[in-house]
Structures are given as C-alpha cells and as structure tokens.
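Undergrad: return a 3D structure for these sequence lines:
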Amino acid sequence: MVRRDRPEALRDAALTFAFIAIGLAAWEFAAARKLINPFYTSRPSDIGADFLQFMLDGELFRHLAVTLHEAFGGLVLGTLAGIACGLALGKIEWLGRLVEPIITALYGIPKLALAPIFILWFGLGLESKIFLSALLVFYLVFFSTFAGIRSIDPDITAAIRLMGASRCQLVTRVFLPSCVPWILTGIRGGIGASLLGAIVGEYMGASAGLGWMIQYATTTYQIERVMSCILALLLIGLALNRSLNACERRLLRWRPDAS
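TA: Just a heads-up that it's a prediction; the model follows:
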C-alpha cells in the first residue's frame with residue numbers, strides 16, 4: 001500500500017478543503033445574485049441552517065437510525081452471501097461454469113425496478129429495504145470475490161496441497177487472504193449500494209428514514225431539507241469509507257509498501 005508522509009497528507013487535505021470552499025462560495029454567490037434560482041437549488045447558508053435545526057430537533061438522528069439499520073443489514077447480508085458464492089463458484093469449476101452466467105444475466109435486470117415486487121413479497125417494513133440493499137451489495141461483492149479467486153495462481157495452490165494442507169486451511173490461509181483486496185473493493189462499492197437500496201425502498205413505502213424525508217420534503221418544496229438529507233448521506237458515506245480504509249490498512253499490513 002502506498003503511504004504518504006504527514007506533510008503531504010495535510011497538503012492534500014488543505015487543497016481538498018479549499019476546492020470545496022471555493023465551490024460553496026461560488027454556489028452562494030450565484031444564488032444571491034439570482035444567477036441560479038435558489039427555489040430549486042437553495043444556497044449553502046440556508047442548507048447549513050436547516051441541517052443544524054434538523055439535527056437539534058432530533059429528527060435527523062431518528063430518520064438516520066432507520067436508514068442505517070436497513071443499509072447495514074443489507075450490507076452485512078449481501079457481503080456474506082457474495083463472499084460465500086464467490087468462493088464456491090470460483091473454486092468449484094463445473095458449478096461456476098453453470099451458475100456464473102445465470103448470475104451475470106440476472107445482474108442485468110434493473111434491481112430498482114423490482115423494488116415494488118420486493119415490497120409486495122416482504123411488506124412495507126424493514127425486510128423489503130434490507131433485501132433490496134442486500135441484493136445490490138451481493139452482486140458487487142460476488143463479482144469481486146469471484147474474480148479474486150480466479151486470479152490466484154494455481155501453481156501456488158498445488159504446492160500448498162502437496163505440503164499437506166487441508167481444504168479448510170486452503171480457504172482460510174490462501175483463498176481468503178488473497179481475495180481480501182478484491183473483497184474490500186466490492187464492499188467499498190457495496191457501501192453506496194446499500195444506502196441506495198435503503199433510500200429507494202423508503203421511496204416506495206415507509207413512514208421514516210432519510211429516503212422518506214427526501215420524498216416528503218420534495219412534495220412540499222422544502223429544498224433545504226432535501227439538501228440536508230443528501231448532506232447527511234454524504235457524511236455517512238464518507239465516514240464509512242474512512243472506516244473501511246482503516247480496516248484495509250489493518251488487514252493488508254502483510255503487503256509490501258508500494259513506495
């Protein structure tokens with residue numbers, strides 16, 4: 001893994017912050033000068049005030065808890081299923097040749113268009129949102145794990161088998177460690193997919209959650225509240241990705257420094 005020294009990391013953070021600040025300032029200026037219609041886009045100052053009020057009222061945390069419950073449930077279930085299927089189909093060649101084309105074909109079906117069917121099957125509760133999130137995550141993790149298994153050098157596997165390793169040892173000591181970077185790549189995409197599944201599920205039918213709040217605020221033309229919910233999702237996604245980066249550094253300490 002490439003590791004940057006502290007001054008370089010601070011410089012990059014400062015440049016990112018400056019870029020964001022310039023963009024927000026330009027947005028504020030354009031809205032104030034009526035270069036863009038604030039009725040449709042609002043302005044950063046109004047969004048910040050609404051976000052603070054949203055948080056102080058406790059409404060943000062109530063709706064956020066519902067959405068995170070659905071997203072985390074889908075992320076965990078989809079990740080476990082994706083890893084299990086990727087390992088099985090990657091190592092059992094005849095099963096992979098049989099099932100992988102089917103999974104690829106099913107992947108082409110727009111999952112979001114199936115959301116009404118999931119609600120019909122599982123109802124308007126958490127189950128339908130978790131299932132939709134899990135389905136979106138599953139494909140990303142499965143394809144990453146499957147590709148990781150197929151990338152393992154068969155000579156290494158054969159050599160370890162000659163040394164007397166059991167099938168369980170091959171899975172835990174060779175296959176899974178070799179696939180960790182691939183799996184983490186799938187999970188990284190799965191984080192956004194799980195949130196997307198939860199939000200879309202809430203669009204289709206819910207009584208709480210950030211997706212429900214976005215839909216309600218849109219129908220009542222509360223653009224500041226819509227932007228506040230989007231800001232909350234952005235911050236949650238950023239926090240989850242930072243956590244995944246820390247987990248990746250810990251799990252991949254064995255890899256040599258690319259520098």
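
Undergrad: got any ranges where this protein has weak pLDDT?
TA: 1-5, 165, 254-259 (pLDDT under 70).

Undergrad: in it, which residue is most central in space?
TA: In the chain, the centroid-proximal residue (C-alpha atoms, centre = their mean) is Ile191; its distance is 1.3 Å.

Undergrad: skipping its backbone neighbours, what lies nearest that one in space?
TA: Leaving out its chain neighbours, the residue that sits closest to Ile191 by C-beta to C-beta, 6 or more residues apart in numbering is Leu240, at 4.9 Å. Every C-beta, even on glycine, is put in place using the N, C-alpha and C of the backbone.

Undergrad: how does this structure divide up, domain by domain?
TA: 1-40, 42-251 (automatic domain parsing).

Undergrad: just the ones you listed: most buried one?
TA: Highest mean neighbour count among the domains of the chain (mean count of other C-beta atoms under 10 Å): domain 42-251, with a mean of 18.

Undergrad: can you give me the end-to-end distance of it?
TA: For domain 42-251, the separation between the terminal residues is 43 Å (C-alpha to C-alpha, to the nearest Å).

Undergrad: off-centre distance for it?
TA: Relative to its parent chain, domain 42-251 has a centroid offset of 5 Å by C-alpha atoms, centre = their mean, to the nearest Å.

Undergrad: next up, the contacts around His69.
TA: By C-beta atoms under 8 Å, 6 or more residues apart in numbering, the contact set of His69 is Leu126.

Undergrad: from Ala134, how far off is it?
TA: His69 sits at a distance of 13 Å from Ala134 (criterion: C-beta to C-beta, to the nearest Å).

Undergrad: do Phe175 as well
TA: 23 Å.

Undergrad: hmm, back to that, output the contacting helices and strands for the strand or helix carrying the residue nearest to Ile191.
TA: For Leu240, the host element (DSSP states H and E) is helix 223-251. Counting contacts by 3 or more C-beta pairs under 8 Å, 6 or more residues apart in numbering; DSSP states H and E, helix 223-251 packs against helix 38-41, helix 44-56, helix 59-91, helix 176-204, helix 210-219.
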